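Visitor: Curious how this folds, go ahead:
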Amino acid sequence: MKNKFYQYIQTLQDTITSKLETVDGKAQFKEDIWERTEGGGGRTRVIENGHVFEKGGVNISGVNGKLPKSMQTYFNVGDVDFFACGLSLVLHPRNPMVPTVHANWRYFEMYDKQGNIIDSWFGGGQDLTPYYLFEEDAIHFHKICKTACDKHNPEFYKTYKAKCDEYFWNAHRNEARGVGGLFFDYCKASETMTMENWYNFVTEVGNSFLECYIPIIEKRKNLPFSKEQRDWQEIRRGRYVEFNLVHDKGTLFGLKTNGRIESILMSLPPYVQWVYDHQPETGSDEEKLLEVLKKPKDWV
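Guide: Alright, predicted model coming up:
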(Lines give C-alpha, C1' and ligand atoms only; values in the text may rest on other atoms or scores of the structure.)
Protein backbone atom coordinates (compact mmCIF):
# COMPACT_ATOMS: atom_id res chain seq x y z
CA MET A 1 0.00 0.00 0.00
CA LYS A 2 2.79 2.44 0.86
CA ASN A 3 4.31 2.23 -2.63
CA LYS A 4 0.90 2.64 -4.24
CA PHE A 5 0.04 5.70 -2.18
CA TYR A 6 3.46 7.29 -2.64
CA GLN A 7 3.10 6.93 -6.38
CA TYR A 8 -0.33 8.57 -6.13
CA ILE A 9 0.92 11.63 -4.25
CA GLN A 10 3.81 12.07 -6.70
CA THR A 11 1.32 12.28 -9.55
CA LEU A 12 -1.05 14.49 -7.57
CA GLN A 13 1.77 16.92 -6.77
CA ASP A 14 2.51 17.26 -10.49
CA THR A 15 -1.16 17.82 -11.30
CA ILE A 16 -1.71 20.45 -8.61
CA THR A 17 1.49 22.44 -9.17
CA SER A 18 0.95 22.52 -12.93
CA LYS A 19 -2.57 23.89 -12.51
CA LEU A 20 -1.52 26.46 -9.91
CA GLU A 21 1.24 27.80 -12.17
CA THR A 22 -1.32 28.26 -14.93
CA VAL A 23 -3.69 30.09 -12.59
CA ASP A 24 -0.91 32.37 -11.29
CA GLY A 25 0.38 33.21 -14.75
CA LYS A 26 3.71 34.56 -13.49
CA ALA A 27 5.50 32.55 -10.81
CA GLN A 28 6.63 28.96 -11.08
CA PHE A 29 7.35 26.40 -8.40
CA LYS A 30 10.92 25.98 -7.28
CA GLU A 31 11.70 22.32 -6.65
CA ASP A 32 13.94 21.11 -3.85
CA ILE A 33 14.65 17.38 -3.57
CA TRP A 34 15.99 16.41 -0.15
CA GLU A 35 17.05 13.34 1.81
CA ARG A 36 16.63 12.56 5.50
CA THR A 37 19.66 11.12 7.31
CA GLU A 38 17.56 8.58 9.23
CA GLY A 39 15.80 7.36 6.10
CA GLY A 40 13.68 8.64 3.24
CA GLY A 41 13.25 12.12 1.85
CA GLY A 42 10.94 14.26 -0.17
CA ARG A 43 10.23 16.71 -2.94
CA THR A 44 9.41 20.25 -1.84
CA ARG A 45 7.91 22.71 -4.31
CA VAL A 46 7.51 26.36 -3.33
CA ILE A 47 5.94 29.24 -5.25
CA GLU A 48 6.61 32.87 -4.28
CA ASN A 49 5.89 36.43 -5.42
CA GLY A 50 3.38 35.52 -8.09
CA HIS A 51 0.45 37.48 -9.46
CA VAL A 52 -1.95 35.36 -7.40
CA PHE A 53 0.16 33.48 -4.85
CA GLU A 54 2.35 35.46 -2.48
CA LYS A 55 3.71 32.21 -1.10
CA GLY A 56 2.73 28.58 -1.25
CA GLY A 57 4.10 25.09 -1.04
CA VAL A 58 3.05 21.69 -2.36
CA ASN A 59 5.28 19.10 -0.71
CA ILE A 60 5.54 15.34 -0.72
CA SER A 61 7.66 13.18 1.55
CA GLY A 62 8.25 9.56 2.42
CA VAL A 63 10.28 9.02 5.58
CA ASN A 64 11.17 5.96 7.62
CA GLY A 65 13.28 4.77 10.51
CA LYS A 66 13.05 4.18 14.23
CA LEU A 67 10.10 5.89 15.87
CA PRO A 68 11.48 8.51 18.31
CA LYS A 69 10.78 7.99 22.00
CA SER A 70 8.57 11.08 22.17
CA MET A 71 6.37 9.58 19.45
CA GLN A 72 6.46 6.13 21.06
CA THR A 73 4.87 7.71 24.10
CA TYR A 74 2.35 9.56 21.95
CA PHE A 75 1.28 6.39 20.11
CA ASN A 76 1.63 4.23 23.24
CA VAL A 77 3.99 1.75 21.57
CA GLY A 78 7.42 0.34 22.30
CA ASP A 79 10.58 0.31 20.21
CA VAL A 80 9.15 0.18 16.68
CA ASP A 81 10.03 1.37 13.21
CA PHE A 82 7.80 3.52 11.04
CA PHE A 83 7.09 4.72 7.53
CA ALA A 84 5.12 7.87 6.80
CA CYS A 85 4.33 9.52 3.49
CA GLY A 86 2.03 12.28 2.40
CA LEU A 87 1.34 15.39 0.41
CA SER A 88 0.91 18.65 2.28
CA LEU A 89 0.05 22.01 0.74
CA VAL A 90 -0.62 25.55 1.89
CA LEU A 91 -1.34 28.49 -0.42
CA HIS A 92 -1.30 32.12 0.72
CA PRO A 93 -2.80 34.37 -2.00
CA ARG A 94 -1.78 38.01 -2.34
CA ASN A 95 -5.34 39.35 -2.56
CA PRO A 96 -7.14 39.30 0.83
CA MET A 97 -10.39 38.48 -0.98
CA VAL A 98 -8.95 35.07 -1.88
CA PRO A 99 -8.81 32.59 1.02
CA THR A 100 -5.76 30.70 2.17
CA VAL A 101 -6.15 26.96 1.70
CA HIS A 102 -4.54 23.94 3.34
CA ALA A 103 -4.69 20.26 2.43
CA ASN A 104 -2.93 17.08 3.47
CA TRP A 105 -3.29 13.41 2.57
CA ARG A 106 -1.05 10.88 4.32
CA TYR A 107 -0.37 7.23 5.08
CA PHE A 108 1.45 5.73 8.08
CA GLU A 109 2.81 2.28 8.94
CA MET A 110 4.51 0.88 12.04
CA TYR A 111 6.61 -2.30 12.16
CA ASP A 112 8.00 -4.68 14.72
CA LYS A 113 11.70 -5.56 14.69
CA GLN A 114 11.05 -8.40 12.25
CA GLY A 115 9.62 -5.91 9.76
CA ASN A 116 6.00 -7.02 10.14
CA ILE A 117 3.33 -4.31 9.91
CA ILE A 118 1.73 -3.92 13.33
CA ASP A 119 -0.43 -0.91 12.48
CA SER A 120 -1.32 1.28 9.51
CA TRP A 121 -3.74 4.07 8.74
CA PHE A 122 -4.66 6.94 6.43
CA GLY A 123 -5.36 10.53 7.37
CA GLY A 124 -5.83 13.92 5.82
CA GLY A 125 -8.30 16.54 4.76
CA GLN A 126 -8.64 20.01 3.28
CA ASP A 127 -9.85 23.29 4.76
CA LEU A 128 -10.42 26.92 3.82
CA THR A 129 -9.26 30.05 5.69
CA PRO A 130 -10.88 33.23 4.31
CA TYR A 131 -10.03 36.78 5.35
CA TYR A 132 -13.31 38.14 4.03
CA LEU A 133 -16.35 35.92 4.11
CA PHE A 134 -18.08 35.14 0.83
CA GLU A 135 -20.65 32.59 1.91
CA GLU A 136 -21.04 31.21 -1.61
CA ASP A 137 -17.33 30.30 -1.58
CA ALA A 138 -17.64 28.38 1.68
CA ILE A 139 -20.74 26.62 0.35
CA HIS A 140 -18.95 25.67 -2.87
CA PHE A 141 -15.93 24.31 -1.00
CA HIS A 142 -18.08 22.21 1.32
CA LYS A 143 -20.34 20.94 -1.47
CA ILE A 144 -17.36 19.49 -3.34
CA CYS A 145 -16.08 17.94 -0.10
CA LYS A 146 -19.49 16.40 0.54
CA THR A 147 -19.75 15.01 -2.98
CA ALA A 148 -16.38 13.27 -2.58
CA CYS A 149 -17.42 11.82 0.79
CA ASP A 150 -20.86 10.70 -0.33
CA LYS A 151 -19.38 8.43 -2.99
CA HIS A 152 -17.97 6.28 -0.18
CA ASN A 153 -20.25 6.68 2.85
CA PRO A 154 -23.21 9.01 3.45
CA GLU A 155 -22.00 9.63 7.02
CA PHE A 156 -18.44 10.63 6.12
CA TYR A 157 -19.07 14.29 5.33
CA LYS A 158 -20.98 15.01 8.53
CA THR A 159 -18.41 13.13 10.62
CA TYR A 160 -15.27 14.56 9.05
CA LYS A 161 -16.66 18.09 8.76
CA ALA A 162 -17.28 18.02 12.53
CA LYS A 163 -13.78 16.67 13.16
CA CYS A 164 -12.36 19.49 11.02
CA ASP A 165 -14.23 22.12 13.04
CA GLU A 166 -12.90 20.51 16.21
CA TYR A 167 -9.31 20.10 15.03
CA PHE A 168 -8.70 23.51 13.43
CA TRP A 169 -9.75 25.34 16.57
CA ASN A 170 -7.40 27.93 18.03
CA ALA A 171 -8.23 27.13 21.64
CA HIS A 172 -6.18 30.00 23.06
CA ARG A 173 -8.19 32.41 20.87
CA ASN A 174 -11.50 30.55 21.22
CA GLU A 175 -12.09 30.70 17.48
CA ALA A 176 -11.78 28.53 14.39
CA ARG A 177 -8.83 28.93 12.04
CA GLY A 178 -11.23 29.14 9.11
CA VAL A 179 -14.54 27.87 7.73
CA GLY A 180 -13.48 24.24 7.84
CA GLY A 181 -13.75 21.41 5.38
CA LEU A 182 -12.72 17.83 6.12
CA PHE A 183 -10.36 16.25 8.64
CA PHE A 184 -9.87 12.51 9.16
CA ASP A 185 -7.20 10.48 10.88
CA TYR A 186 -6.45 6.93 12.02
CA CYS A 187 -8.53 5.50 9.17
CA LYS A 188 -7.80 1.81 9.73
CA ALA A 189 -9.07 -1.46 8.32
CA SER A 190 -12.35 -2.63 9.83
CA GLU A 191 -15.27 -4.92 9.03
CA THR A 192 -16.79 -2.24 6.81
CA MET A 193 -13.66 -0.55 5.36
CA THR A 194 -10.58 -2.32 4.03
CA MET A 195 -7.34 -0.42 3.52
CA GLU A 196 -8.13 -0.48 -0.19
CA ASN A 197 -11.48 1.18 0.59
CA TRP A 198 -9.67 3.85 2.60
CA TYR A 199 -7.19 4.37 -0.22
CA ASN A 200 -10.07 4.94 -2.62
CA PHE A 201 -11.70 7.42 -0.25
CA VAL A 202 -8.56 9.42 0.51
CA THR A 203 -7.59 9.65 -3.15
CA GLU A 204 -11.15 10.72 -4.00
CA VAL A 205 -10.75 13.65 -1.60
CA GLY A 206 -7.29 14.43 -2.96
CA ASN A 207 -8.60 14.44 -6.51
CA SER A 208 -11.37 16.87 -5.50
CA PHE A 209 -9.00 19.57 -4.24
CA LEU A 210 -8.60 21.60 -7.42
CA GLU A 211 -12.35 21.58 -8.00
CA CYS A 212 -12.80 22.86 -4.43
CA TYR A 213 -10.38 25.75 -4.70
CA ILE A 214 -9.67 26.91 -8.26
CA PRO A 215 -13.17 28.34 -8.96
CA ILE A 216 -12.86 30.46 -5.81
CA ILE A 217 -9.48 31.84 -6.91
CA GLU A 218 -10.76 32.68 -10.37
CA LYS A 219 -13.77 34.52 -8.93
CA ARG A 220 -11.83 36.61 -6.39
CA LYS A 221 -8.25 37.10 -7.56
CA ASN A 222 -8.87 40.38 -9.41
CA LEU A 223 -11.15 42.05 -6.86
CA PRO A 224 -9.91 45.44 -5.62
CA PHE A 225 -8.72 45.80 -2.03
CA SER A 226 -7.46 48.55 0.26
CA LYS A 227 -4.43 48.86 2.50
CA GLU A 228 -6.74 48.40 5.50
CA GLN A 229 -8.02 45.13 4.07
CA ARG A 230 -4.47 43.99 3.44
CA ASP A 231 -3.62 44.83 7.08
CA TRP A 232 -6.57 42.69 8.20
CA GLN A 233 -5.32 39.82 6.06
CA GLU A 234 -1.92 40.01 7.73
CA ILE A 235 -3.46 40.13 11.21
CA ARG A 236 -5.53 37.04 10.44
CA ARG A 237 -2.46 35.32 9.02
CA GLY A 238 -1.01 35.71 12.49
CA ARG A 239 -3.76 33.44 13.80
CA TYR A 240 -2.81 30.93 11.12
CA VAL A 241 0.80 30.96 12.30
CA GLU A 242 -0.29 30.55 15.91
CA PHE A 243 -2.32 27.45 15.11
CA ASN A 244 0.44 25.82 13.07
CA LEU A 245 3.12 26.36 15.70
CA VAL A 246 1.04 25.70 18.82
CA HIS A 247 -1.57 23.09 17.89
CA ASP A 248 -0.90 21.39 14.56
CA LYS A 249 0.00 17.72 15.01
CA GLY A 250 1.68 17.45 11.63
CA THR A 251 4.07 20.29 12.41
CA LEU A 252 4.85 18.81 15.81
CA PHE A 253 5.38 15.33 14.32
CA GLY A 254 7.84 16.75 11.79
CA LEU A 255 9.77 18.62 14.45
CA LYS A 256 9.94 15.58 16.74
CA THR A 257 11.10 13.19 14.01
CA ASN A 258 13.95 15.39 12.80
CA GLY A 259 11.96 16.48 9.78
CA ARG A 260 13.23 19.00 7.27
CA ILE A 261 12.60 22.40 8.84
CA GLU A 262 12.31 24.34 5.57
CA SER A 263 9.61 21.97 4.33
CA ILE A 264 7.75 21.88 7.65
CA LEU A 265 7.64 25.66 7.99
CA MET A 266 6.84 26.42 4.35
CA SER A 267 3.23 26.84 5.57
CA LEU A 268 4.09 30.15 7.22
CA PRO A 269 3.09 33.29 5.27
CA PRO A 270 5.75 35.89 4.33
CA TYR A 271 4.00 38.94 5.80
CA VAL A 272 2.16 38.82 9.12
CA GLN A 273 1.05 41.30 11.78
CA TRP A 274 0.35 40.96 15.47
CA VAL A 275 -1.52 44.07 16.61
CA TYR A 276 -2.14 44.42 20.32
CA ASP A 277 -5.80 43.79 21.23
CA HIS A 278 -7.01 44.44 17.70
CA GLN A 279 -10.80 44.66 17.43
CA PRO A 280 -12.74 45.10 14.18
CA GLU A 281 -15.35 47.83 13.85
CA THR A 282 -18.89 46.91 14.88
CA GLY A 283 -20.94 45.83 11.88
CA SER A 284 -17.91 45.55 9.58
CA ASP A 285 -17.06 42.75 7.18
CA GLU A 286 -14.17 41.89 9.47
CA GLU A 287 -16.53 41.43 12.41
CA LYS A 288 -18.80 39.31 10.22
CA LEU A 289 -15.94 36.88 9.66
CA LEU A 290 -15.15 36.64 13.37
CA GLU A 291 -18.76 35.87 14.23
CA VAL A 292 -18.65 32.83 11.95
CA LEU A 293 -15.28 31.73 13.31
CA LYS A 294 -16.54 31.74 16.88
CA LYS A 295 -19.27 29.23 16.09
CA PRO A 296 -18.76 26.67 13.27
CA LYS A 297 -21.53 26.75 10.70
CA ASP A 298 -23.17 24.06 8.59
CA TRP A 299 -22.59 25.20 5.02
CA VAL A 300 -24.45 22.47 3.14
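
Visitor: can you give me the helices in the chain?
Guide: Assigned by DSSP state H, the chain shows helices spanning 2-24, 69-75, 135-150, 156-167, 195-220, 227-246, 249-256, 261-264, 285-293.

Visitor: As TSV, those with distance to His92 would be great.
Guide: To be clear about C-beta, it is placed using only N, CA and C from the backbone, and glycine gets the same treatment. As requested, the helices of the chain are arranged in TSV below (distance: least, C-beta to C-beta, whole Å):
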stretch	distance to His92
helix 2-24	12
helix 69-75	29
helix 135-150	16
helix 156-167	20
helix 195-220	12
helix 227-246	7
helix 249-256	16
helix 261-264	16
helix 285-293	17
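
Visitor: Now these in CSV, please, with extra columns for mean pLDDT, mean neighbour count and distance to Gly41.
Guide: Output for the helices of the chain, formatted as CSV (pLDDT from 0 to 100; neighbours: other C-beta atoms under 10 Å; distance: least, C-beta to C-beta, whole Å):
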stretch, mean pLDDT, mean neighbour count, distance to Gly41
helix 2-24, 98, 17, 11
helix 69-75, 82, 13, 19
helix 135-150, 98, 20, 30
helix 156-167, 98, 19, 28
helix 195-220, 98, 19, 21
helix 227-246, 96, 18, 22
helix 249-256, 81, 16, 13
helix 261-264, 84, 16, 10
helix 285-293, 97, 16, 37
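
Visitor: And these: which comes nearest Gly42?
Guide: With C-beta to C-beta, the closest approach to Gly42 among the helices of the chain belongs to helix 261-264: 6.3 Å.

Visitor: Tell me how far the closest one lies from the chain's centre.
Guide: 15 Å (C-alpha atoms, centre = their mean, to the nearest Å).

Visitor: How about stretch 250-265?
Guide: Worked out by C-alpha atoms, centre = their mean, stretch 250-265 lies 14 Å from the chain centre.

Visitor: Between the helices of the chain, which one is closest to Asn59.
Guide: helix 261-264 (5.2 Å).

Visitor: Could you pull up phi and psi at the residue lying farthest from the centre of the chain?
Guide: Ranked by distance from the centre of the chain (C-alpha atoms, centre = their mean), the top residue is Gln114, with 33.9 Å. Gln114 adopts backbone torsions of phi -90, psi 0, taken as degrees, to the nearest 10.

Visitor: In contact with it, which residues?
Guide: By C-beta atoms under 8 Å, 6 or more residues apart in numbering, the contact set of Gln114 is empty.

Visitor: where does the stretch 51-200 of the chain dip in pLDDT?
Guide: Residues of the stretch 51-200 of the chain meeting the criterion pLDDT under 70: none.
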